[in-house]
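**Student:** Structure, please.
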Amino acid sequence: MPTLHREYPPKLGALVANARRFHEVAWHAGPEKGASNTVRMHTFSGFLTTLFEHHDSTVLLLETGKNDASGFALARVLVETFYRGLWVYLCASDEQVIEIRNGGEPYPRFIDMTQEVDRRLGGTRKLELGRPIWSALNGFTHTGLEQLSRRFNSEGDLVPDYSLEEVLLVLSSGTMLVSTMSQFFCVVSKRKADADLISNSWHALFNEETREHTDQP
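**Tutor:** This is a model prediction of the structure:
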């Protein structure tokens, strides 16, 4: 294995711990309680539980300090699971949901998918994903320049070189996706109290921690 390219700093340890704590709260308040067994909701639940698994794997990989490339490769997988799940619930026709359950892929192009989801959730454009971000996510997953350029340090030595700020961003962004999708799941399941529990946990465990670390040099 490559030589450890960074120490395990306290602020990463704190965010890893908070991500795990939040994961447990969101899981028990959300998908573990189940949902109405319509085909659409059942399919959406499948995407949500997949998102939880990818999030858990991301935390595990980033925690080691020597598997950042694999953790970053999962960033696209997290994002794609998030948007596909919301698109299926909000935008797909009944026929498309059945097609997906039978192995088909009637999804629009990814950028178009994010725009459709955003429109269905109020059209604020906050959920639209730009092409540069999507291109970078693809590069991390498919070992493009985004990954290759981080296999060497500033002196050109063959040592992985992922900045702590980048690692924290992947960790916080992945956790935010879990938070958003879990809250939505609870709301459409008519369990507002559980949605509020997840939201409060996110703000208590993660937002405050993120703001604290952003203020540090």
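**Student:** can you pull out the helices in the chain?
**Tutor:** With DSSP state H applied, the chain shows helices at 10-29, 39-64, 68-90, 94-101, 110-120, 131-141, 145-148, 164-188, 192-202, 208-214, listed in chain order.
**Student:** Rounded mean pLDDT for the longest one, please.
**Tutor:** Put plainly, it is helix 39-64. For helix 39-64, mean pLDDT is 96.
**Student:** In it, which residues are buried?
**Tutor:** Under the neighbour-count criterion of 16 or more other CB atoms under 10 Å, helix 39-64 has 40-41, 43-52, 54-59, 61-63 buried. Where C-beta positions appear, they are placed from N, C-alpha and C, glycine not excepted.
**Student:** Ok, the third one next?
**Tutor:** The neighbour-count check on helix 68-90 (16+ other CB under 10 Å) flags 68-69, 71-90 as buried.
**Student:** Okay, angle between that helix and helix 94-101 too, please.
**Tutor:** 150 degrees (axes from the mean of the first three to the mean of the last three CA atoms, to 10 degrees).
**Student:** I'd like to know which elements helix 68-90 is packed against.
**Tutor:** For helix 68-90, the helices and strands in contact under the criterion 3 or more CB pairs under 8 Å, 6 or more residues apart in numbering; DSSP states H and E are helix 39-64, helix 94-101, helix 110-120, helix 131-141, helix 145-148, helix 164-188.
**Student:** Give me the number of neighbouring residues for E32.
**Tutor:** For E32, the number of neighbouring residues by other CB atoms under 10 Å comes to 11.
**Student:** same deal with R151?
**Tutor:** Burial of R151 is recorded as 16 neighbouring residues (other CB under 10 Å).
**Student:** measure the closest residue to it other than its chain neighbours to A204 for me?
**Tutor:** On the basis of CB to CB, 6 or more residues apart in numbering, the spatially nearest residue to R151 that is not a chain neighbour turns out to be P160, at 6.0 Å. Relative to A204, P160 is positioned 33 Å away (criterion: CB to CB, to the nearest Å).
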